[in-house]
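1. no FASTA, just this:
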C-alpha cells in the first residue's frame, strides 16, 4: 500500500474504520469512546430500573384506587405519605401493595380524618 493511499478502509457495515497508528492521537479517542460507551450503558441500566420502578408504582396506584375507592392522584399521595412517614422508599411500599393486593398497615396508619374518598 502506498503512502498516498488513504488510511481508511471500508468495514462490512459501510462505516469507515481508521487503523490505530501509534502517536496519531487515536488511542486517546478510543479511550474516550470506551468511557462514553461505559457511561451510556450505565445510564441505560439506570433508566431501565427507573422504568421498572415506575411500573410498580403505577400498578400500586391502580390497586389502591380500586380498594379505597379513590382517584389515582389520591392513591399516589397516600403512597407518598406512607413512604415518608415510615422512612421507606416509595417503590418498596408500592411493591408491597402489588404483592399483597391489599392496603398495608403502613398506609392505614397514615390515613387520618383528612383522608377523603373519591366524591365522583
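-> It's in. Quick caveat, the model's predicted, so the values are computed rather than measured.

2. Residue 94: neighbour count?
-> Per other Cβ atoms under 10 Å, the neighbour tally for residue 94 reads 26. Where C-beta positions appear, they are placed from N, C-alpha and C, glycine not excepted.

3. any idea which element the nearest residue to it once chain neighbours are set aside lies in?
-> In this structure, residue 94 finds its nearest non-sequential neighbour in residue 60, 3.6 Å apart by Cβ to Cβ, 6 or more residues apart in numbering. Assessed by DSSP states H and E, residue 60 sits inside helix 26-68.

4. distance of the nearest residue to residue 95 once chain neighbours are set aside from residue 64?
-> Nearest residue to residue 95, sequence neighbours excluded (Cβ to Cβ, 6+ apart): residue 56, at 5.3 Å. Applying Cβ to Cβ, to the nearest Å, the value for residue 56 to residue 64 is 12 Å.

5. Give me the more crowded residue out of the two.
-> Applying other Cβ under 10 Å to residue 56 and residue 64 shows that residue 64 carries more neighbours, namely 24 against 19.
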